[in-house]
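>>> Could you work out the structure for the sequence below:
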Amino acid sequence: MWPTEGTVVAVCTSEHKGTVKRDVGSGTLVEELGLEGDAHAGFAHRQVSLLAQEDIDTMKEKLPDLIPGSFAENLTVRGVDLGSLSVGDRIEAGPTLLEVSQIGKECHTRCQVYHATGDCIMPKKGIFCRVLRGGPVRTGDPVRILARERGL
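Alright, predicted model coming up:
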């Protein structure tokens, strides 16, 4: 079983949708909006996207030049099993609090990574969240998987 604590590896943003994001090292997550300055901020229930560095590393076997942000994720994390999450689960990243709102997504167009490798992990491995508590987030911040909110 994977640990429930890990680390933020990268904080990634882009000015336009449909483009690779770049690691900016730190940013501000705004409650019910997303990563400040990111093209996907404010996108209803998919305000922030997460991807595990371990999944990127697996894809690097096919395409060695992949880096955090290559799959357009906002937060790249290491050491936690994002695959074990369910909708409603909560994640702390630094002082922020996220709630899983969607797992994976339908790709309407094939991205550059898909064309190079024949596969893309975001539709299966991407985790999308709402920002419940905003604040600063940066590379090196702790990430914790919390128990699902059960209306208590």
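>>> May I see the buried residues of stretch 70-84?
By neighbour count on 16 or more other CB atoms under 10 Å, the buried set for stretch 70-84 is 70-80, 82. Bear in mind the C-beta positions are built from the backbone N, C-alpha and C, glycine included.
>>> An error on my part: the question was meant for stretch 89-100.
Applying 16+ other CB under 10 Å to stretch 89-100 flags 89-94, 96-100 as buried.
>>> what's the span of it, first residue to last?
5 Å (CA to CA, to the nearest Å).
>>> Contacts for it, please.
The contact list for stretch 89-100 (CB atoms under 8 Å, 6 or more residues apart in numbering) reads 8, 29, 48, 50, 75, 77, 85-88, 127-138, 141-149.
>>> Quick check: ChimeraX command selecting the buried ones in these.
Buried subset of these, written as a ChimeraX selection, criterion 16+ other CB under 10 Å:
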select :8,29,48,50,75,77,85,127,128,129,130,131,132,134,137,141,143,145
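>>> G18: which of the buried residues of stretch 70-84 is nearest?
A72 (7.9 Å; CB to CB).
>>> what are the ranges of the helices in the chain?
For the chain, helices defined by DSSP state H occupy the ranges 53-59, 112-117, 122-125.
>>> Output the first one as CSV, nothing but the C-alphas.
As requested, the backbone C-alpha atoms of helix 53-59 are provided in CSV (Å, rounded to 0.1, in the frame of the first residue of the first chain):
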residue,chain,number,x,y,z
GLN,A,53,5.4,11.9,-11.2
GLU,A,54,5.6,8.1,-11.1
ASP,A,55,3.1,8.0,-14.0
ILE,A,56,5.1,10.5,-15.9
ASP,A,57,8.3,8.4,-15.3
THR,A,58,6.5,5.4,-16.7
MET,A,59,5.7,7.3,-19.9
